[in-house]
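Enquirer: Prediction below, plus the sequence it came from.
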Amino acid sequence: MLRAGANESIWRKWYEDNEPEQLAIPDYETRISENVEIGPFLRLLVVRMLRMDRCILQARDFIKATPQMGSRFVEPVTDTMEMTYDESCAEVPTIFLLSAGVDPTESIELLARKKKLPPPAVISLGEGQEPVAIKALNGAAQEGLWVMLQNCELALELMADMEQAPTQRLVPSISQLELWEDGVFMIT
């Protein structure tokens, strides 16, 4: 159990610091440092409990320091859109998992221009956009174009249906795998 009452001023200083995760944890630092196996996890728990706003940074440090994981799990991915395109195929959608402030749309549109393709159809799912998305996917499959589906978490039923693609078409009239050979669809 964490007891901060005896050294309230030291704990207050730790709590009010801009980067408390970088400081020694009052009253517990020695015990945390001595326990090599779970000490870093205990530090993460204390930061999470008292300064949730700093938890992601502490979690990153924890992951870096854990031998089973290491820094490769927290380093940013530096793949370019060209590298992503080169590794992709028409039968498998490219999925971008985004964080706040990250939007690959501009990079994808730039890549389409470089490949001398029209810009991808961009559809923001939700609010009854599933039929629009299906129509765009089927049209892109016929013409070898790209489709970007955004906010996929708002159309989970469509995502489940798409798991059957390309072996089963979303619209029965399109049933040949060859139609997808030139097309790539991207999901964000």
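Expert: Happy to help now that I have it.

Enquirer: so how far is stretch 85-102 from its chain's centroid?
Expert: 10 Å (Cα atoms, centre = their mean, to the nearest Å).

Enquirer: what distance separates the start and the end of it?
Expert: 18 Å (Cα to Cα, to the nearest Å).

Enquirer: can you check stretch 20-28 too?
Expert: Terminal residues of stretch 20-28 are spaced 14 Å apart (Cα to Cα).

Enquirer: which residues are in contact with that stretch?
Expert: 2-4, 6-7, 10-11, 14, 17, 32, 42-43, 46-47, 50-51, 54, 57-58, 61 (Cβ atoms under 8 Å, 6 or more residues apart in numbering). C-betas here are computed from N, CA, C, even on glycine.

Enquirer: do the same with stretch 51-69
Expert: 15, 19-21, 40-41, 43-44, 47-48, 70-71, 73-74.

Enquirer: Any stretches of this structure with poor pLDDT?
Expert: Counting by pLDDT under 70, the chain contains low-confidence ranges at 1-5, 78, 165-188.

Enquirer: And the helices in it, which stretches?
Expert: Read by DSSP state H, the chain holds these helices, from start to end of the chain: 8-16, 29-34, 39-50, 55-65, 81-87, 105-114, 130-143, 156-162.

Enquirer: Let me know which of those is the nearest to residue 121.
Expert: Comparison of those against residue 121 by Cβ to Cβ identifies helix 130-143 as nearest, at 4.3 Å.

Enquirer: Alpha carbons only: can I get the closest one in PDB?
Expert: Output in PDB follows, covering the C-alpha atoms of helix 130-143 (Å, rounded to 0.1, in the frame of the first residue of the first chain):
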ATOM      1  CA  GLU A 130     -22.000   1.300 -45.800                       C
ATOM      2  CA  PRO A 131     -23.800   1.200 -49.200                       C
ATOM      3  CA  VAL A 132     -21.600   4.000 -50.500                       C
ATOM      4  CA  ALA A 133     -18.500   2.000 -49.300                       C
ATOM      5  CA  ILE A 134     -19.700  -1.200 -51.000                       C
ATOM      6  CA  LYS A 135     -20.400   0.600 -54.200                       C
ATOM      7  CA  ALA A 136     -16.900   2.300 -54.100                       C
ATOM      8  CA  LEU A 137     -15.200  -1.000 -53.300                       C
ATOM      9  CA  ASN A 138     -16.900  -2.900 -56.100                       C
ATOM     10  CA  GLY A 139     -16.300   0.000 -58.600                       C
ATOM     11  CA  ALA A 140     -12.600   0.100 -57.600                       C
ATOM     12  CA  ALA A 141     -12.300  -3.700 -58.000                       C
ATOM     13  CA  GLN A 142     -13.600  -3.500 -61.600                       C
ATOM     14  CA  GLU A 143     -11.400  -0.600 -62.500                       C
END
